[in-house]
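Trainee: From the sequence below, what's the structure:
(chains A and B)
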Amino acid sequence: MSTVNPPVVFTQDELDWVSWIDPLPEAELTERHYAGLVDRARAKSEYFRLLVRDPEVLEARTKTDKDIFYNVADGLPRAERELAAAATSRYNGCIYCASVHARFASTYSKRRDDVQRLLDEGIKADLGGRWNAVVNASVALAETPIAFGPDNIAELRRAGLDDAEIVDVVNGASFFNWANRLMLSLGEPSK
Amino acid sequence: MAPNDIIDTLAGIEPGSTLDAIRARRLQARENAQKSYLALFEPIDTSDFSDAERAAVAAFVTGLHGESPVAAFYRDKLAATAEGAPLLDPINAEIERGKTSGPYGAYPAGPLSVENKAGLIYRVGAERKPVLGVRLVAALEHAHLLVFRPRDAASADMKALLAAGWSSTGIVTLSQLVAFLSFQLRVVSGLRTLAAASA
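Mentor: This is a model prediction of the structure:
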């Protein structure tokens, strides 16, 4: 078993992820499992070979994820969907998820320093009105009981988001309340 | 709206409404959120995680988020089966014992330790352990961890589930179920809030 070297800060660096329970061995994957993986290349990932123990749930989860983040024919720019994912992960405390989606947010926004301030300073970092509105909405949605309310809608509208873009924020932030809980509880990140 | 789409139903989205049209722009997400629900609650294989166990964990998780149409839906689902109905009162009692505010928990020791936030470490009440059984007791304690303090999760929590009789596959599905409900509750809440703000 490889040595785990857990990161102790939020980072945009690429991290590994190590499972705490046994993923399926690649040699045991059947066509039912490959359907669950959606992308055959994901058979190389320990995380996806663990989740593929329940292939039907993984397939539906993966297709939900892809449409929420990659379908940019209309609606919220990809950068701000990734910001919602990164802010949710920062607030829930998922260092692995935050690393991936902070990198995407930086790539698509070209605002790497602002993204890094979200990671370093946390969810109270002042990133400007529009990004603050997305972060605040994501944080309110991540709370339990859910704290998202009319004030969040008003702040998003003042920042210029229309209702379809607000739904993209809700979908992106909500999805990471799904993703964070899997990543945090089934294994751990390693540098 | 798609017939019987669970998120549309729980969020009160009517066919032909503005939100119906907005959700239609993310058709793959809408259809696969529905397929996720079906894969978890009408699964093709229940050998690692029974239907009654699924309904009990779902009623607990959604109830911990406070009263809502989603919580009522899963409570009704639990009450609707012969095996699940006797669990309704114990689950409701455990919801009351487990209610708190999250997320909280600890980070790996280091610069983030200043952000550590203490909170309830929930354990099922001793008087309800016999009726719930070893597997469900372990599942509820794990579900509470995932709902409120996911960053506290550790490999020891996997060992606790394995020791209580959960298979590795069962643990994956249990984790997916709690995590999916965390998503579904938030989408429904967000859509309801937006609909109310647009009324």
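Trainee: In PDB, could you pull the C-alpha coordinates for stretch A:103-118?
Mentor: Provided in PDB are the C-alpha atoms of stretch A:103-118 (Å, rounded to 0.1, in the frame of the first residue of the first chain):
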ATOM      1  CA  ARG A 103      -8.100  24.800 -10.900                       C
ATOM      2  CA  PHE A 104     -11.000  24.800 -13.300                       C
ATOM      3  CA  ALA A 105     -12.300  28.100 -11.900                       C
ATOM      4  CA  SER A 106      -8.800  29.600 -12.500                       C
ATOM      5  CA  THR A 107      -8.500  28.200 -16.000                       C
ATOM      6  CA  TYR A 108     -11.900  29.400 -17.100                       C
ATOM      7  CA  SER A 109     -11.900  32.800 -15.300                       C
ATOM      8  CA  LYS A 110      -8.200  33.700 -15.700                       C
ATOM      9  CA  ARG A 111      -8.500  35.000 -12.100                       C
ATOM     10  CA  ARG A 112      -6.200  32.600 -10.400                       C
ATOM     11  CA  ASP A 113      -5.200  35.000  -7.600                       C
ATOM     12  CA  ASP A 114      -8.900  35.600  -6.600                       C
ATOM     13  CA  VAL A 115      -9.500  31.800  -6.600                       C
ATOM     14  CA  GLN A 116      -6.400  31.300  -4.400                       C
ATOM     15  CA  ARG A 117      -7.800  33.900  -2.000                       C
ATOM     16  CA  LEU A 118     -11.000  31.900  -1.700                       C
END
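Trainee: Look up how far A:Tyr34 lies from A:Pro6.
Mentor: Separation of A:Pro6 from A:Tyr34 (C-beta to C-beta, to the nearest Å) stands at 31 Å. Backbone N, C-alpha and C define where each C-beta goes, glycine included.
Trainee: Tell me where chain B has helices.
Mentor: For chain B, applying DSSP state H gives helices covering B:6-11, B:18-24, B:27-41, B:51-64, B:69-79, B:88-98, B:129-148, B:155-163, B:168-198.
Trainee: Same check on chain A?
Mentor: Under the criterion DSSP H, chain A contains helices at A:31-37, A:46-51, A:55-70, A:78-92, A:95-109, A:112-121, A:129-142, A:150-158, A:163-186.
Trainee: of those helices, which approaches B:Arg26 most closely?
Mentor: Among the helices of chain A, the nearest to B:Arg26 by C-beta to C-beta is helix A:55-70 (5.3 Å).
Trainee: quick one: that closest one near chain B?
Mentor: Yes - using C-beta under 8 Å from any C-beta of the partner chain, helix A:55-70 reaches chain B at A:56-61, A:63-64, A:66-68.
Trainee: which of the residues you listed count as buried?
Mentor: Those of those that meet the buried threshold are A:56-61, A:63-64, A:67-68, by 16 or more other C-beta atoms under 10 Å in any protein chain shown.
Trainee: what about stretch B:59-79, near chain A?
Mentor: Yes - using C-beta under 8 Å from any C-beta, stretch B:59-79 reaches chain A at B:64-66.
Trainee: What about the residues you listed, which one has the most neighbours?
Mentor: B:Leu64 (25 neighbours; other C-beta atoms under 10 Å in any protein chain shown).
Trainee: was I right about it contacting B:Leu146?
Mentor: No - applying C-beta atoms under 8 Å, one finds B:Leu64 not in contact with B:Leu146, separated by 10.3 Å.
Trainee: Can I get the residues of stretch B:59-79 next to chain A in a markdown table including pLDDT?
Mentor: Converted to a markdown table, these look like this (pLDDT from 0 to 100):
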| residue | pLDDT |
| --- | --- |
| B:Leu64 | 98 |
| B:His65 | 98 |
| B:Gly66 | 97 |
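Trainee: Which one of those residues is nearest to chain A?
Mentor: Closest approach between the residues of stretch B:59-79 next to chain A and chain A, by C-beta to the nearest C-beta: B:Gly66, at 4.3 Å.
Trainee: Now for the closest residue to the closest one other than its chain neighbours: which residues touch it?
Mentor: Closest residue to B:Gly66 apart from its sequence neighbours, by C-beta to C-beta, 6 or more residues apart in numbering or on different chains: A:Pro145 at 4.3 Å. Neighbouring residues of A:Pro145 by C-beta atoms under 8 Å, 6 or more residues apart in numbering or on different chains: B:65-66, B:101.
Trainee: where's the residue lying closest to B:Val172 once chain neighbours are set aside relative to A:Glu26, distance?
Mentor: Distances taken as C-beta to C-beta, 6+ apart put A:Arg53 closest to B:Val172, at 4.4 Å, once the chain neighbours are dropped. For A:Arg53, the distance to A:Glu26 equals 13 Å [C-beta to C-beta].
Trainee: who's more crowded, these two?
Mentor: Legend: neighbour count by other C-beta under 10 Å for A:Arg53 and A:Glu26, higher for A:Arg53 (23 against 10).
Trainee: what sits against that one?
Mentor: Counting by C-beta under 8 Å, 6+ apart, A:Arg53 has contacts A:23-24, B:168-169, B:172-173.
Trainee: Equivalent analysis for B:Gly110, please.
Mentor: Contact analysis of B:Gly110 by C-beta under 8 Å, 6+ apart lists A:8-9.
Trainee: ok, 10 Å please
Mentor: A:6-9 (C-beta atoms under 10 Å, 6 or more residues apart in numbering or on different chains).
Trainee: Mind picking the two most distant members of those residues?
Mentor: Greatest spacing in these, by C-beta to C-beta: A:Pro6 and A:Val9 (10.5 Å).
Trainee: Good, we can wrap up now.
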